[in-house]
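Novice: Mind looking at a prediction? Sequence and model below.
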Amino acid sequence: MLQHFDHGRFMLYLLPLRNYHFITSLLNNSSRLTLAIVLISTLVTTSLTSSLAIAESNVTGVEITIYPDDTLKTNQKDLASKDTNTENMGTAKPVRGKLPYGLDAQQHSDANDQQDIITLGNDDLWQRIKDGYDMPDSTSPLVTNHEDWYRSRPDYIKRMVERSQKYLFHIVEEVEKRGMPTEIALLPMIESAYNPQAYSVGSASGIWQFIPSTGKHFGLKQNWWVDNRRNIMFATDAALNYLQKLYGMFGSWDLALAAYNAGEGTVGRAIERNKKLGLPIDYESLNLPPETKNYVPKLQAIKNIMTNPGDYGLKIQTIANTPYFARVSAPIQIDAHLAAKLAEISDDEFLALNPSYKRPVITSSGEKHELLLPILSAQTFRNNLATYDKPLVSWRTYIAKRGERLESIASKFGIQLAKLRNVNNLPIQNKIKNSGTILVPNGNTNDFNANSEIKNKYQSTDMAIETNHNLSIKQESDNIDLSTTENNNISTSVEKNKAEIEPTKQQSVTYKIKKGDTLLSISQHYDMSVNQIMLANNLKKSQVNVGQMLNIPSANEAKSQSKNKPENESTKTKTAKTSHVKSKLNTNNKSSLKSSSVKHKRQK
């Protein structure tokens, strides 16, 4: 019996030969005649010649899996996904884990009838995402604005999609497990452009852009060593938990997304206002902040582009419908650079999958410690770690005292001053302002060369170990003292916004002047000019006082203020100064003339 399922899959249930007349009756459906003949012929031949499952490819190169009569094995995940045919998009959706369209009962209706299954799979992750769309399309005119923005930036789209390929499969898997619409997997595109190092003006971080307080609320650890708002797996789990909570609160995905962007309180108050005024309370009708008003239309624009990129003159690279990374157990302490070497991948690739680590040495306080590595590099890492006998850590903690010169510390431990600052995220200063712990070299070298140091690189994988229990005390260096960094406040420099995000978040910030602050340091903190801050606060001079409150405008507001600034303002100022000088000169000249006149009269 021929049945169409999701992800471009077809299932043919072949009843025993005594019921062959029933199968042939299916051929009356002319639209399936050709496919049915090919599949039935293949099955009949296979059932007579082999009792083992085999895998082949059809004429289009799509894998066909054939199971024997005595081992009926259904992939519940495949059976429960959504239909890829656009003509079937309106049909009822199957429940994950159960056969759709009543086939579960049909399959077991006759205990004596064991059925063969053919699965035609689709390896394109984009198609899987399209099949899982379940959010109503936004009809806002704002959608066109964002489509035009993305359309005009093909290189931006290309970079964003290239970054997403590392994480998208995992996120789609997690979204589907929860029964959420797959549009949610596109959300990091408008939050962070899928840049795990994205850091916004409002201190939001990671591909899901959690602010510190919300991240802590959802269990995302943030300390001197790690920021799990940037951890791909932890942050994805937290974001989906939050979105599910918001959906439960507001009852629709567009309102849930609005609350994710602006906060549940903002959306809740907007709903209450409309209720009191007798107005509709749907997303389009609410009085929301401009960024939030654009949030769902922006996601709709991304959805439209990823669904039909050709309509926008864009090309989207194919992403395989397979996992990109795997989890591996790691030693309690190991240099990030060495971990990348053992996995035989670049530092950039390692950091892209493990962006939550803030220091060059990866540490753990004893809890489960895992790294993410490309699927083909995971076993390489295990094999190489099992035979590696050099120190795993080349850093140690050092308690720097207040007033200690950074140049002296760098010289003492043989490290360049710029690197010392970079490793410890220290501001540009000559002395340590607050006592605290920093990382310095411990004198060990732990470089790894796969070609020269591993004799049995191609050893059997069953010889490799998940966790290296033979690591020596020397390897697991005790130079890293985690207790000294629990409340470390030595790193006071501000993380730079490494994100490539469109457009910049429209969030203004109120900032309270602290001791040592200047308008220059504050402007550098928020990535804008001193003049922009002065304009936003109507300041006539750059001097500020401790305790003074400043309004830090969003990037868009700052640009708008700069544009609205009268073009001749500086000219007016110069003119006023010039007039003042001329006035003084005229006065002086008149005085001089009078004085000369008096002298002349006296001389007479």
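Specialist: Arrived safely.
Novice: hey, where'd the strands end up in the stretch 101-250 of the chain?
Specialist: 118-120 (DSSP state E, counting those that start in this stretch).
Novice: Quick check: which ranges of it have low pLDDT?
Specialist: The model of the stretch 101-250 of the chain has pLDDT under 70 over residues 101-122.
Novice: What segments of it are helices?
Specialist: For the stretch 101-250 of the chain, helices defined by DSSP state H, counting those that start in this stretch occupy the ranges 103-107, 125-131, 142-151, 154-164, 168-177, 187-191, 212-217, 232-250.
Novice: The fourth one: which residues count as buried?
Specialist: Neighbour counts using 16 or more other CB atoms under 10 Å place 157, 160-161, 163-164 of helix 154-164 among the buried residues. The way it works is simple: take the backbone N, C-alpha and C, and place the C-beta from them, glycine included.
Novice: tell me which of the residues you listed is nearest to Ser205?
Specialist: Using CB to CB, Arg163 comes nearest to Ser205 of these, at 15.6 Å.
Novice: is it true that that closest one touches Asn195?
Specialist: Yes. Between Arg163 and Asn195 there is a contact at 6.2 Å, judged by CB atoms under 8 Å.
Novice: what does the domain assignment say about this structure?
Specialist: 2-122, 130-312, 325-485, 509-564, 567-604 (automatic domain parsing).
Novice: Confidence-wise, which of the ones you listed is weakest overall?
Specialist: Lowest mean pLDDT of the domains of the chain: domain 2-122, a mean of 38.
Novice: tell me the SS of Tyr511?
Specialist: When classified by DSSP: H, G, I helix; E, B strand; the rest coil, Tyr511 comes out as strand.
Novice: next one: the one 3 residues further on
Specialist: Here Lys514 takes the coil state, with states given by three-state DSSP.
Novice: Can you give me the neighbour number for the nearest residue to Ser523 once chain neighbours are set aside?
Specialist: In this structure, Ser523 finds its nearest non-sequential neighbour in Val530, 4.8 Å apart by CB to CB, 6 or more residues apart in numbering. Using other CB atoms under 10 Å, Val530 has 16 neighbouring residues.
Novice: How about Trp126?
Specialist: For Trp126, the neighbour count with other CB under 10 Å is 19.
Novice: That one contacts Ile305, correct?
Specialist: No. Using CB under 8 Å, Trp126 is not in contact with Ile305, being 11.3 Å away.
Novice: so what sits against both of these two?
Specialist: Counting by CB atoms under 8 Å, 6 or more residues apart in numbering, the common neighbours of Trp126 and Ile305 are Ile316.
Novice: Assign Val316 to helix, strand or coil.
Specialist: Not quite, residue 316 is Ile, not Val. coil.
Novice: ok, for it, nearest residue in space, not its chain neighbours?
Specialist: Take Ile316 and drop its neighbours on the chain: the residue closest to it by CB to CB, 6+ apart is Pro309, 4.5 Å away.
Novice: What is the host helix or strand of Ser523 packed up against?
Specialist: Assigned by DSSP states H and E, Ser523 belongs to helix 519-525. If contacts are counted by 3 or more CB pairs under 8 Å, 6 or more residues apart in numbering; DSSP states H and E, helix 519-525 sits against helix 530-536.
Novice: what are the ranges of the strands in the chain?
Specialist: Using DSSP state E, the strands found in the chain span residues 2-4, 10-12, 54-57, 63-66, 118-120, 325-329, 333-335, 361-363, 370-374, 395-400, 436-441, 509-512, 549-552.
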